[in-house]
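Student: Can you look at this prediction? I've put the sequence above it.
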Amino acid sequence: MVVNILLIMADQFNARCLGVEGHPDVKTPRLDALAREGVRFTRAYAQNPICTPSRVSWLTGLYPHNHGYYGLSGPNAPWLPHAFAHVRAHGYVTGAVGKLHCPFGWLEPHLDFRREAYAYGDPFRSSDYGEYLRGAGLLDDRDDDVLQEWAATGGRGQGLDARPSRLPYEHCVDHWTAAQAISFLQQRPKDRPFFLWVSLPRPHQVWTPSREFWELYDDETLTLPPNAGDTLTGKPPHVRAMLRQREGTWQWVFEPRDWQHGFRRTLRGYLACVTQVDRATGEVLDALDALGLRDDTIVVFSADHGGFAGDHGIVEKAPGVAYEATTRIPFIWRAPGCTAAGHVAGELVESIDFLPTVCRLAGIPLPQMCDGRDLSALLRGERRPVRDAAFTENVWTKRIRTGRWSFVHYQPEMFPELAGDTPPDVGELYDMEADPWELHNLYGDTQYRDVVCDLRRSLLKWMIGTHHPITVLPMPSTLVGSEQATTVPATRLPEDGRIPPAHLVQHVRQTRSRNYL
C-alpha cells in the first residue's frame with residue numbers, strides 16, 4: 001500500500017484555540033472535523049518555543065541540545081539529516097511550501113518542490129509569495145510580515161497591534177500557501193509516494209487577517225482566558241517585565257490606544273488568523289479528497305510552538321519556555337487503517353515523535369538518531385504511555401512537564417541584576433492539577449522543596465541520558481563500521497554521525513566498561 005505523508009503546520013498556535021478544545025469563541029470547523037475523524041492529543045509539547053529550533057526538532061526527531069539550533073535561521077548543517085532526506089532515500093517525492101524558516105540551505109537539496117512565503121533577509125522582494133504579489137500588482141499592500149503602520153513609526157520588529165488585512169483572502173499568504181500545496185498534489189509523479197510539508201504562517205503575528213475573518217469576531221464580546229489578569233506576582237524578573245506592555249501607548253498604532261482596547265484588538269486578530277488557518281487547511285484537505293488521496297495519506301495537523309494569545313495578559317510568545325500556552329501544541333492525526341476516529345489521547349507526547357511515527361506507519365526504516373518515540377499504538381486507541389515527562393528547552397532554560405507538575409530551571413547567569421554574594425535562585429513550579437492556568441508559582445515554597453529536587457534530578461537525568469556524543473572512550477569499534485569487534489552486534493553509525501543513547505546502554509550492558517562513560 002502506498003502511504004503518503006501530509007504535515008500541515010501552523011505557526012504559534014495556542015493549543016486551546018480549537019473548538020474541540022472547548023474554546024468559547026474560536027471558529028475552527030475544519031480542524032474540529034479532522035479531530036473527529038482521527039486522534040487528538042491533548043498533552044503534546046514542542047521542544048522549543050520559537051520557530052527554527054522547533055522546526056529542526058520536528059524534522060530531525062532530535063532535542064535542541066542534540067541538534068544545536070536555538071536561534072532563528074542559522075547556517076546550513078549538511079551533517080544533520082532530516083525527514084526529507086530520509087524519506088526521499090526511500091523513494092518519496094518531497095515538497096515544502098509556506099513559511100519554512102529553517103537553517104539556510106539545509107532542506108533545499110532534498111526537496112523536489114519548494115515555494116517559500118518568506119526569504120528571510122529580504123522578505124518582501126525575494127520570496128516566492130512576494131513575487132506572486134508583485135505580479136498581481138499587490139506588493140505594496142503586503143501586511144503579513146510587518147505591520148506597515150508600526151514600521152512607519154520607526155518601531156522595530158513586526159508590531160503587536162491588529163487590523164483587517166488590505167488583501168482579500170484569495171491573495172493572502174495562507175491561501176497562497178494552500179494553493180502551492182494543491183499545485184504540488186496535482187503535479188506530483190503519480191508512481192511514487194509523497195511527503196508534503198504545508199507550513200502556514202499564521203496565527204503568528206502580524207495579526208492582519210483578511211476582513212471576512214476579522215468580521216467573525218468582536219473585540220468587546222471576546223471571552224478572555226481566566227489568567228488574562230495575571231499580576232505575574234512571584235514569577236521571574238523577565239516575566240514580570242512583561243507588565244511594561246500594559247503601560248502607556250507605545251505598542252499601539254490604532255485607536256483606542258490603551259491596553260484594554262489594544263489587548264482585545266490583538267486577541268481578535270489572533271483568533272481571526274486561527275480561523276484563516278482553518279480555512280486554508282480545509283482547502284488542502286478538500287484537494288486531497290478530490291484527487292482520491294484520502295485513503296492513502298497520513299495527515300498530521302500541528303504547530304511549531306504555541307503562543308500566549310492572552311494567557312497571563314501577554315499577547316505573543318515571549319517569554320516562552322515556562323508555560324502551557326507556548327509549549328503545548330495542537331496534535332491531530334488521521335492515518336488510514338490506523339487511527340481510532342474521535343479518540344482523544346491524554347498521554348504525554350512530543351513533536352519529535354512525528355518522524356519515528358510516520359516512518360513506522362509508512363513502512364520506512366526508523367532513523368537511528370531520533371530521540372522521538374513511535375506513537376502508532378496510541379493512534380490505534382491504546383492506553384500506553386510512551387514517556388513520563390515532556391521537555392521544552394532554550395539554552396539556559398529547561399522545562400519538564402509531568403502528569404501533575406510543570407517545573408522550569410533557569411541558570412543563575414540569566415539574572416545578573418539579582419547577583420550578590422550567592423547566585424540567584426530563580427525557578428518556576430506549578431501544580432497543573434490544582435492550578436492549570438499557572439497563576440501560583442510554588443518554587444519558593446518550602447513545602448514543595450522535595451518536588452523541586454525530584455524534578456530537577458529528572459531534568460539532569462534527561463539531559464545526560466539523551467545526549468548524543470560524537471566519540472566516547474572506550475568506543476566499541478562496531479559503532480564506526482568495523483567488522484572486527486565482537487562485543488556488540490554490528491551496526492552502522494547513525495545518520496548524524498553521533499552515538500545515540502541506546503548504543504551506549506547496549507555497550508555498558510555487554511562489556512561492563514563504565515570508567516570513561
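Tutor: It's in.
Student: Wait, residue 458 touches residue 400, no?
Tutor: Yes - counting by Cβ atoms under 8 Å, residue 458 does reach residue 400; the two are 5.8 Å apart. For the C-beta atoms, the positions are set from N, CA and C on the backbone; glycine is no exception.
Student: who touches both of the two?
Tutor: Shared contacts of residue 458 and residue 400, defined by Cβ atoms under 8 Å, 6 or more residues apart in numbering, are found at residue 389.
Student: higher neighbour count, these two?
Tutor: Neighbour comparison, residue 458 and residue 400: the larger count goes to residue 400, with 20 against 17 (by other Cβ atoms under 10 Å).
Student: so that one bridges to which residues?
Tutor: Beta-bridge pairing of residue 400 under DSSP bridges involves residue 391, residue 407.
Student: which ones are touching it?
Tutor: Residue 400 makes contact with 389, 390, 391, 406, 407, 455, 458, 459, 462, according to Cβ under 8 Å, 6+ apart.
Student: one more time with 7 Å, if that's ok
Tutor: Residues near residue 400 by Cβ atoms under 7 Å, 6 or more residues apart in numbering: 389, 391, 407, 455, 458, 459.
Student: Over to residue 56?
Tutor: Contact analysis of residue 56 by Cβ under 7 Å, 6+ apart lists 67, 69, 102.
Student: quick one: the host helix or strand of residue 269 to chain centroid distance?
Tutor: Assessed by DSSP states H and E, residue 269 sits inside helix 259-290. Centroid displacement of helix 259-290 relative to its chain, using Cα atoms, centre = their mean, to the nearest Å, is 17 Å.
Student: Could I get the buried residue list for that helix?
Tutor: 259, 262-285, 287-288 (16 or more other Cβ atoms under 10 Å).
Student: Just the pLDDT for residue 469.
Tutor: Residue 469 is assigned 88 on the pLDDT scale.
Student: Next, the closest residue to it other than its chain neighbours: secondary structure please.
Tutor: Once flanking residues are discounted, residue 469 sits nearest to residue 499: 5.5 Å by Cβ to Cβ, 6 or more residues apart in numbering. In three-state terms, and counting by DSSP: H, G, I helix; E, B strand; the rest coil, residue 499 is coil.
Student: what's the answer for residue 10, then?
Tutor: Using three-state DSSP, the structure places residue 10 in strand.
Student: how much space between it and residue 203?
Tutor: As judged by Cβ to Cβ, to the nearest Å, residue 10 and residue 203 stand 7 Å apart.
Student: Now do the shared contacts for the two.
Tutor: residue 277.
Student: contacting residues for residue 193?
Tutor: Contact partners of residue 193, counting by Cβ under 7 Å, 6+ apart, are 2, 3, 4, 91, 92.
Student: buried subset of the residues you listed?
Tutor: For the contacts of residue 193, a burial check counting by 16+ other Cβ under 10 Å picks out 3, 4, 92.
Student: where does the protein have low pLDDT?
Tutor: 1, 121-125, 474-493, 513 (pLDDT under 70).
Student: Spatially central residue for it, please.
Tutor: Most central in the chain under Cα atoms, centre = their mean is residue 304, positioned 1.9 Å from the mean C-alpha point.
Student: Quick check, that one in contact with residue 53.
Tutor: No - using Cβ atoms under 7 Å, residue 304 is not in contact with residue 53, being 9.1 Å away.
Student: Count the residues that sit near the closest residue to residue 142 other than its chain neighbours.
Tutor: Distances taken as Cβ to Cβ, 6+ apart place residue 133 nearest to residue 142, at 5.5 Å, with adjacent residues excluded. Residue 133: 20 surrounding residues under other Cβ under 10 Å.
Student: residue ranges of the strands in the stretch 51-200 of the chain, please?
Tutor: Counting by DSSP state E, counting those that start in this stretch, the stretch 51-200 of the chain has strands at residues 93-98, 113-116, 194-203.
Student: The ones you listed into JSON lines, with extra columns for mean neighbour count and distance to residue 177?
Tutor: Converted to JSON lines, the strands of the stretch 51-200 of the chain look like this (neighbours: other Cβ atoms under 10 Å; distance: least, Cβ to Cβ, whole Å):
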{"stretch": "strand 93-98", "mean neighbour count": "25", "distance to residue 177": "4"}
{"stretch": "strand 113-116", "mean neighbour count": "20", "distance to residue 177": "8"}
{"stretch": "strand 194-203", "mean neighbour count": "26", "distance to residue 177": "6"}
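Student: got those strands as CSV, with distance to residue 340 columns?
Tutor: Shown next, in CSV, are the strands of the stretch 51-200 of the chain (distance: least, Cβ to Cβ, whole Å):
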stretch, distance to residue 340
strand 93-98, 29
strand 113-116, 32
strand 194-203, 24
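Student: and of the ones you listed, who's closest to residue 153?
Tutor: Of all the strands of the stretch 51-200 of the chain, strand 194-203 sits nearest to residue 153, with 23.2 Å by Cβ to Cβ.
Student: mind checking how far that closest one is from the chain centre?
Tutor: 12 Å.
Student: Give me the helices and strands touching whichever helix or strand comes after that strand, please.
Tutor: Downstream of strand 194-203, the first helix or strand assigned by DSSP H and E is helix 211-214. Where contact means 3 or more Cβ pairs under 7 Å, 6 or more residues apart in numbering; DSSP states H and E, helix 211-214 is packed against helix 259-290.
Student: after the helix it packs on, next one along is what?
Tutor: Following helix 259-290 toward the C-terminus (DSSP H and E): strand 297-303.
Student: And the contacts of that following strand?
Tutor: Strand 297-303 has contacts (Cβ under 7 Å, 6+ apart) with 3-13, 31, 34, 281, 288, 329-335, 351, 354, 358, 361-362.
Student: same deal with stretch 25-44?
Tutor: Under the contact criterion Cβ under 7 Å, 6+ apart, stretch 25-44 has outside partners 17-20, 216-217, 222-223, 271, 274-275, 278, 281-282, 285, 301, 328-329, 331-334, 339-349, 379.
Student: repeat for stretch 92-112
Tutor: Residues from elsewhere that reach stretch 92-112, judged by Cβ under 7 Å, 6+ apart: 11, 51-52, 55-56, 69, 73-77, 82, 84-85, 87-88, 113-118, 120, 177, 180-181, 184, 188-189, 192-201.
Student: mind checking the end-to-end distance for it?
Tutor: End-to-end span of stretch 92-112 (Cα to Cα, to the nearest Å): 10 Å.
Student: same check, this time on stretch 35-54
Tutor: Note: stretch 35-54 ends 23 Å apart using Cα to Cα.
Student: quick one, phi/psi of residue 44?
Tutor: phi -110, psi 140 (degrees, to the nearest 10).
Student: which phi and psi does the closest residue to it other than its chain neighbours have?
Tutor: Using Cβ to Cβ, 6+ apart and skipping the chain neighbours, the partner closest in space to residue 44 is residue 331 (3.5 Å). The phi/psi pair for residue 331 (degrees, to the nearest 10) reads phi -150, psi 90.
Student: what's around residue 331, how many residues?
Tutor: 26.
Student: give me the beta-bridge partners of it?
Tutor: With DSSP bridges as the rule, residue 331 is bridged to residue 302.
Student: Check the gap between it and residue 236 for me.
Tutor: Applying Cβ to Cβ, one obtains 28 Å for the distance of residue 331 from residue 236.
Student: quick one: contacts for residue 407?
Tutor: 400, 428, 429, 452, 455.
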